[in-house]
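# I would like to see how this sequence folds:
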Amino acid sequence: MYLFYTDETNLDPTQSDFFVYGGVTVPAERAKQLSEAIDALRTRFGLPPDAMLKFNPTPAGLDHERFKALKQAVTQAAIEHGCQFIVTLTLHRIAGGSDEARRFAINTIAYNFNGFLNARRTHGLVLIDRFTDAQLDDQLRDRFAVGVRGLPFSPVMRLQNIVGFHYAAIGQGHFGSIIDIVLGSFRFAVNAFTRNDAGRRQSADAILRLLAPLFIRNDDGRVSGVGLQFSPVVVRAANYRAQYQGLRNYLAECGIEASQEIRSQ
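Model prediction:
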């Protein structure tokens with residue numbers, strides 16, 4: 001069994017080009033050891049029990065370099081305990097608003113997690129980071145009871161490997177900190193590239209190389225479409241397609257080559 005902790009980032013189109021939604025899989029048989037490893041890291045770096053551990057802000061008592069080292073150590077612990085990262089990116093100009101993008105991304109990420117489970121012949125539980133959306137409860141009930149609707153090959157597909165959708169909040173367990181740090185790190189790198197922030201590119205490159213082992217790989221070494229998906233699958237507008245292709249090329253340069261091609265039709 002796997003736990004799947006999800007979260008979103010880049011909600012503001014004035015501050016970012018791509019909306020990003022992702023999740024970290026946690027093997028149930030390694031969950032206790034991973035939680036204890038994060039406990040040990042918090043103690044080693046001097047975080048009080050009630051201190052929130054997120055990508056930002058820096059906790060009181062830690063300087064920038066020490067906090068950076070802590071986040072790297074958390075990411076490395078996730079890798080060592082068999083966690084993997086599943087993420088989808090949608091250009092804000094196509095998304096039609098952050099709420100709509102998030103609803104669609106939850107469908108995508110749930111479908112991909114179900115595929116991840118199917119390949120491993122196991123089951124899993126989805127834990128959604130809390131946010132305000134009047135449609136969310138109905139959406140999650142429908143994903144569980146009915147499945148994903150409107151697929152090209154089927155009007156409905158039941159997500160048979162997912163045994164439940166539930167809410168979680170950071171601080172209620174260490175795994176919420178892991179997805180926040182992993183997703184925040186990925187967001188930082190994506191934004192440094194898409195916003196042409198030369199001052200942050202060196203850090204962005206290093207972050208992506210650190211995250212690279214978390215991605216699900218095909219036999220040819222490229223990242224599976226289950227693990228990294230650019231949405232929508234077809235991007236007809238040439239200027240938008242160029243933005244997707246540029247980001248795809250950049251990720252590949254940093255060891256995260258997507259198997260998904262950016263298609264015009």
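# Could you use CA atoms for every contact and neighbour count after this?
Will do.
# Residue 8 - nearest residue in space that isn't next to it in sequence?
Computed as CA to CA, 6 or more residues apart in numbering, the closest residue to residue 8 that is not its neighbour in sequence is residue 21, at 4.3 Å.
# Give me the residues contacting the strand or helix carrying that neighbour.
Secondary structure from DSSP states H and E places residue 21 in strand 18-27. The set of residues external to strand 18-27 that reach it, using CA atoms under 8 Å, 6 or more residues apart in numbering, is 1-11, 13, 81-92, 98, 101-102, 105-106, 109, 178-179, 183, 187.
# Of those, keep whichever come out buried.
The neighbour count (16 or more other CA atoms under 10 Å) marks 1-11, 81-92, 98, 101-102, 105-106, 109, 178-179, 183, 187 as buried among the contacts of strand 18-27.
# Restricted to strands, list these.
2-9, 84-91 (DSSP state E).
# before we move on, back to that, so after the strand holding residue 21, what's the next helix or strand?
Next element after strand 18-27 (DSSP H and E): helix 31-44.
# what does the average pLDDT come to for the strand holding residue 21?
Averaged over strand 18-27, pLDDT sits at 97.
# cool, stretch 176-191 as well?
Averaged across stretch 176-191, the pLDDT comes to 98.
# thinking in terms of the whole chain, how far from its middle is that stretch?
7 Å (CA atoms, centre = their mean, to the nearest Å).
# in that stretch, what's buried?
176-191.
# Of all pairs in those residues, which one is the farthest apart?
By the measure CA to CA, 176 and 191 form the most distant pair in the buried residues of stretch 176-191, at 22.0 Å.
# out of everything not next to it in sequence, what's closest to residue 228?
Nearest one to residue 228, counting by CA to CA, 6+ apart, is residue 87 at 5.2 Å.
# Give me the three-state assignment for residue 230.
Under DSSP: H, G, I helix; E, B strand; the rest coil, residue 230 falls in the strand class.
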